[in-house]
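*Asks:* Model the following, please.
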Amino acid sequence: MTLLVATVSFTASVFAAPPVTEFNNSSGSIGFSQCNYNGEFAGKGKEKIKAKDFYGSYVLSDNLAFTADIMHSGTKNITGVGDTSYRFNKIGVQYKMTDNISFLVGNLNRNVSVKGVDDRKNSLYAGASVGQRLSDNMSAYASYVFASKYSDYNLGIIYDITKNIYFDVGYRNIKAKNIGAFVDRDFTAKGINWSVGYKI
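*Replies:* Alright, predicted model coming up:
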């Protein structure tokens, strides 16, 4: 789970975490997400594969922020497939185009392991995020990121518990295509994630 979402500013991450929104109100954000995703390979399985996601952002200017997102899963024996795990790491920048819309670009390092075969790839990613302040302490966001043989979209709600601490809950769908030697076989991880973050 891109790291927050508002109509007035800019500061969040975008991945399993919420995207940056309040650029003017903080220097950045750090957070932790627990991801309860269903893992599926080549249409088989749909087994729960939990993952942990650590993310952060640092605001560089009124419309530019550095973002990082590190997600690692445990290993799960998917029925009809075998031991499966995944890792998706992103480092990039988020550029605010309007108060609600940002452009995302950076490097994606992915590794999906199926039956002991590791599929490792580094590629450029790009995408966009949109955020909307719903009330004084609640915001909604959506983001979409794509790379070579990879797509990732995320929807969520952020609730500000205090001025610096927030809670986020969202839905994420990640797809990695053509895993290793398994041509035309895709891996999908999708489901609910929640996170707790701190605005610096």
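*Asks:* And the pLDDT for the residue of the chain most remote from its centre?
*Replies:* Within the chain, the residue lying farthest from the chain centre (C-alpha atoms, centre = their mean) is residue 80, at 27.8 Å. With respect to pLDDT, residue 80 has a value of 76.
*Asks:* I figured it was touching residue 43, is that so?
*Replies:* No - Residue 80 is beyond contact range of residue 43, at 9.5 Å (criterion: C-beta atoms under 8 Å). C-betas here are computed from N, CA, C, even on glycine.
*Asks:* For the chain, which helix or strand comes out least confident on mean pLDDT?
*Replies:* Scoring the helices and strands of the chain by mean pLDDT, DSSP states H and E places strand 76-78 at the bottom, with a mean of 82.
*Asks:* buried stuff in it?
*Replies:* Going by neighbour count (16 or more other C-beta atoms under 10 Å), the buried part of strand 76-78 is 76, 78.
*Asks:* Show me what the next helix or strand after it is packed against.
*Replies:* Sequence-wise, the next helix or strand downstream of strand 76-78 (DSSP states H and E) is strand 82-96. Counting contacts by 3 or more C-beta pairs under 8 Å, 6 or more residues apart in numbering; DSSP states H and E, strand 82-96 packs against strand 28-41, strand 44-61, strand 64-73, strand 76-78, strand 101-114, strand 117-135, strand 187-199.
*Asks:* which helices and strands sit right next to the least confident helix or strand of the chain?
*Replies:* Applying 3+ C-beta pairs under 8 Å, 6+ apart, one finds that strand 76-78 contacts strand 28-41, strand 44-61, strand 82-96.
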